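*Asks:* Got a predicted structure here, sequence first:
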There are 2 protein chains.
Amino acid sequence: MSTSDRILDAATDAFGLRGYNATSLDALARDLDVRKQTVLYHFGSKDGLLEAVVDRAAGELSDALSEAVDNAPPALGNVEAVVRATFRLALRRPELLGLVRELSRLGDPWVGRAVESLEPMVKRATEFLEAEMEAGRMRRSDSRLLLVSVYSTVMGVATEVEILRAFGVELTLRTAARRRKELIVFLHSALAPAE
Amino acid sequence: MSTSDRILDAATDAFGLRGYNATSLDALARDLDVRKQTVLYHFGSKDGLLEAVVDRAAGELSDALSEAVDNAPPALGNVEAVVRATFRLALRRPELLGLVRELSRLGDPWVGRAVESLEPMVKRATEFLEAEMEAGRMRRSDSRLLLVSVYSTVMGVATEVEILRAFGVELTLRTAARRRKELIVFLHSALAPAE
DNA sequence: AGAGCTCTTTACCAAGTGGTAAAAGAGAGG
DNA sequence: CCTCTCTTTTACCACTTGGTAAAGAGCTCT
C-alpha cells in the first residue's frame, strides 16, 4: 500500500471522527510513523489533504448509496434501501458519515466541493421523490425540503451518538437494528400520502 | 453591563457560531477590547468559560421552549409550538442552537452537563409523546427514538444552512416560513397513528 | 493617608501549529 | 560509477495557543 494511500486513509479517519481542526499534521504523521513533511510532500498543504480526502470520500459515499439502491431486492423500497445502506456505513465506515457532518460544519468551500461530487445522487433522489408524488405513492410537497428532512432524520438517528445517549437510547448492535426499523416506519409514515 | 456578562455573551456567540476549538481566548478578548487575562480572571480557564456558557445557554433554551409550549394558543399543538419556537430561535438566537450542535460534537463531558439542565424538558417531551400514544392520537412506538427523530429533523431543517443550500433550497425570510410549515406537516404525518 | 479588596493589565512562557529549505536515501538507466 | 528522479527526513521558523506571575488601578473603609 502506497504511503499516500495510507495518509489518505488515516486523514479520512481523523478528519471524519475527530474533526479537521482538531487534527494536526504532526499527530497524523505520528500515527503513521512518518514525518509531517512526508504528508506535505504528497498533498502540498493541510487544505490540499482535506481536498483529496473529500473527493475520495464523496466518491465512495456516492458509490455505496447508489449501489445499495440499484442492487436492493425489488421488495425493498428505495427509502428503505438508503436507510439500510446508511446504517451499514455508520457501522462499518463511521468516518465517512462523520466527514459529511464535519464538512457541513466547515461550510464553504468544502461543502461546495463535496456537493459537486454528490450532485448526481441529490438529483436522482429528488427525481425519485417527485416521481413517487406524481404516482400518488407519496405525499405531495417540495421535494428538496423533503429531502433535507429525510437526510436530517437519517443522519441524526444513524450518527448522533451523543444525542441518542442523552435521550436515554441504549446503544448496542441489537438496538441499532431496532433503531433502523423504527426509522423506516417513521419515514414511511412521514412520506405517506394524505388520507 | 458587567465585564463578565459581556464575556459570556461574546463567548456564547463565538462558541455557538464558530465553534469552541475555532475560538481563541485572544480573539475573544480582542473583540471585547479587553485582555485575555481578564477572561481568565473571571472564568479560570477556557473550559471554565465553556461551562459557564453551557449552563446559561441551557437555561435560556429550556426557558424559551417551555414558555413556548405553556403559552401557546390552545389551538396550536405542542409539536407545532416547539417547531415555531425553534425557528424563532434559529432566527433570533442562532448561537444558542449552534451551541447545541457544537456540544453534541464535543461529546462528553459537555453533553452530559447540558443534558442535566435540559433533562426536565426531555422528560416532559417523552411523557407528552407517551400520553398522546396512549390516547391514540399518535402512532405507537419507542418515545425516545421518536424524540431523537423529531429532534434531528427539526434541528436539521432549522439550522443546517449549508445542507439546505446544497440541496438547492432558497434561504430567505419568506422561505423560512415555508420551511417551517412543511416541517410541521412532515412531523404530523410522521407521528400520525397508523390508518 | 494607608490598608485591603476587586478587577485589569503587562510581561512572559512552554507547547504546538502549518509551512519552507535543503539535505540524504534509494532505485533505475546510462 | 555517476547521475537523475522520486521520496523521505532533518532542521528550522514565525506565529498562535492556553495559561502563570506579578504589578497596577480603582474603590471603600478605617
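*Replies:* Nice, I can see it.
*Asks:* can we go C-alpha only for contacts and neighbour counts from here?
*Replies:* Will do.
*Asks:* Got phi/psi on residue A:73?
*Replies:* phi -60, psi 140 (degrees, to the nearest 10).
*Asks:* Chain B versus that one, what's the distance?
*Replies:* Distance of residue A:73 to chain B, computed by Cα to the nearest Cα, to the nearest Å: 25 Å.
*Asks:* Quickly note the distance from that residue to residue A:132.
*Replies:* In this structure, residue A:73 lies at 18 Å from residue A:132, with Cα to Cα, to the nearest Å as the measure.
*Asks:* With only the CA atoms kept, save the helix or strand bottoming out on mean pLDDT in chain A in CSV.
*Replies:* Counting by mean pLDDT, DSSP states H and E, chain A has its least confident helix or strand at helix A:161-166, which shows a mean of 91. As requested, the backbone C-alpha atoms of helix A:161-166 are provided in CSV (Å, rounded to 0.1, in the frame of the first residue of the first chain):
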residue,chain,number,x,y,z
VAL,A,161,-24.5,9.1,19.2
GLU,A,162,-24.3,11.7,21.9
ILE,A,163,-27.8,12.8,21.3
LEU,A,164,-29.1,9.3,21.4
ARG,A,165,-27.4,8.6,24.7
ALA,A,166,-28.6,11.9,26.1
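*Asks:* Enumerate the residues of chain A near DNA strand C.
*Replies:* Neighbours of DNA strand C within chain A, by Cα under 7 Å from any atom of the strand: A:21, A:23-27, A:37, A:40, A:44-47.
*Asks:* host element of residue A:23?
*Replies:* Following DSSP states H and E, one finds residue A:23 outside all helices and strands.
*Asks:* For the spatially closest residue to residue A:8 that is not a sequence neighbour, pull up the helix or strand it's in.
*Replies:* Nearest residue to residue A:8, sequence neighbours excluded (Cα to Cα, 6 or more residues apart in numbering or on different chains): residue A:53, at 6.2 Å. Assigned by DSSP H and E, residue A:53 falls within helix A:46-70.
*Asks:* who does that helix touch, helix- and strand-wise?
*Replies:* Identification of packing neighbours for helix A:46-70 by 3 or more Cα pairs under 8 Å, 6 or more residues apart in numbering or on different chains; DSSP states H and E yields helix A:3-17, helix A:36-43, helix A:78-92, helix A:94-106, helix A:110-134.
*Asks:* Name the next helix or strand downstream of the longest one, please.
*Replies:* In other words, helix A:110-134. Using DSSP H and E, the helix or strand that directly follows helix A:110-134 along the chain is helix A:143-159.
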